[in-house]
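**Student:** okay, structure incoming, though there's no sequence with it:
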């Protein structure tokens, strides 16, 4: 499997400048191999990984974020989990194994109020979690990054790419809920528009 991934990477590893073809080559290899990695991930792996040490990103005015960082070559990969999911999920660990097999840098983390990160979940909003993603990109990641967003993480992935276009070279969605918030907003009943829509806007 690693050999197939290296074949996909071979076209762009020597390049000094990132091209669309270069990133697409990685994306195709990543998608195919990630699927195989995910299917072959042992059931005991997440529980085992939770016992490893966790690092924390200290932020003066925001909750500290728990994260795991794998050093490696560029571009790095950042996994952005779904709603209330943490960095020890099956997808996060499978992608880590994939990046490790190819020698690429990788970061997985917990949102504020989730998992091992500081903060109160009841006080968290999607806007705050967007800041979490940007903090990971700005303060932890080095060089160009490939963002992998799962479910709600797909929404945050796109917002992060818009905010940091010079750092993000590719996006990969896993069951991406890109329009989930807008769809839910439009489906709210008219008679409840006052209280519920104000609450929804706070969450978004």
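**Tutor:** Ah, there it is. A quick note: this is a predicted structure, and the numbers were derived from the prediction, not measured.
**Student:** where in this protein is pLDDT low?
**Tutor:** Applying pLDDT under 70 to the chain flags the ranges 1-52, 178-182, 184-185, 188, 190-204.
**Student:** all strands of it, in order?
**Tutor:** Assigned by DSSP state E, the strands in the chain fall at 55-57, 65-70, 73-80, 104-109, 145-150, 168-174.
**Student:** what angle separates the third one from strand 168-174?
**Tutor:** Comparing the axes of strand 73-80 and strand 168-174 via axes from the mean of the first three to the mean of the last three Cα atoms, to 10 degrees yields an angle of 40 degrees.
**Student:** quick one: buried residues of strand 73-80?
**Tutor:** Residues 75, 76, 77, 78, 79, 80 are the ones in strand 73-80 that count as buried (16 or more other Cβ atoms under 10 Å). Every C-beta, even on glycine, is put in place using the N, C-alpha and C of the backbone.
**Student:** wait, what's in contact with the nearest residue to residue 153 once chain neighbours are set aside?
**Tutor:** Counting by Cβ to Cβ, 6 or more residues apart in numbering, residue 153 lies nearest to residue 80, which is 3.5 Å off, once chain neighbours are set aside. Residues near residue 80 by Cβ atoms under 8 Å, 6 or more residues apart in numbering: 133, 147, 148, 149, 150, 153, 154, 156, 157, 160.
**Student:** what pairs with the fifth one across the strands?
**Tutor:** With DSSP bridges applied, residue 150 shows beta-bridge pairing to residue 174.
**Student:** hang on, it packs against residue 175?
**Tutor:** Yes: at 6.4 Å, residue 150 and residue 175 qualify as touching, with contact defined as Cβ atoms under 8 Å.
**Student:** which of those two has more neighbours?
**Tutor:** Between residue 150 and residue 175, counted using other Cβ atoms under 10 Å, residue 150 has the larger neighbour count: 24 against 12.
**Student:** so what's that one up against?
**Tutor:** 79, 80, 81, 82, 85, 89, 91, 173, 174, 175, 176.
**Student:** please report how far residue 186 lies from residue 127.
**Tutor:** Residue 186 sits 19 Å away from residue 127, taking Cβ to Cβ, to the nearest Å as the criterion.
**Student:** those two: which is more packed in?
**Tutor:** Neighbour tally, residue 186 and residue 127, criterion other Cβ under 10 Å: the higher count belongs to residue 127, 13 against 8.
**Student:** hang on, the earlier thing: any shared contact partners between residue 150 and residue 175?
**Tutor:** residue 82.
**Student:** distance-wise, check residue 158 relative to residue 98.
**Tutor:** For residue 158, the distance to residue 98 - Cβ to Cβ - is 22 Å.
**Student:** neighbour count winner among those two?
**Tutor:** Shown here are residue 158 and residue 98; by other Cβ under 10 Å, residue 98 has more neighbours (22 against 17).
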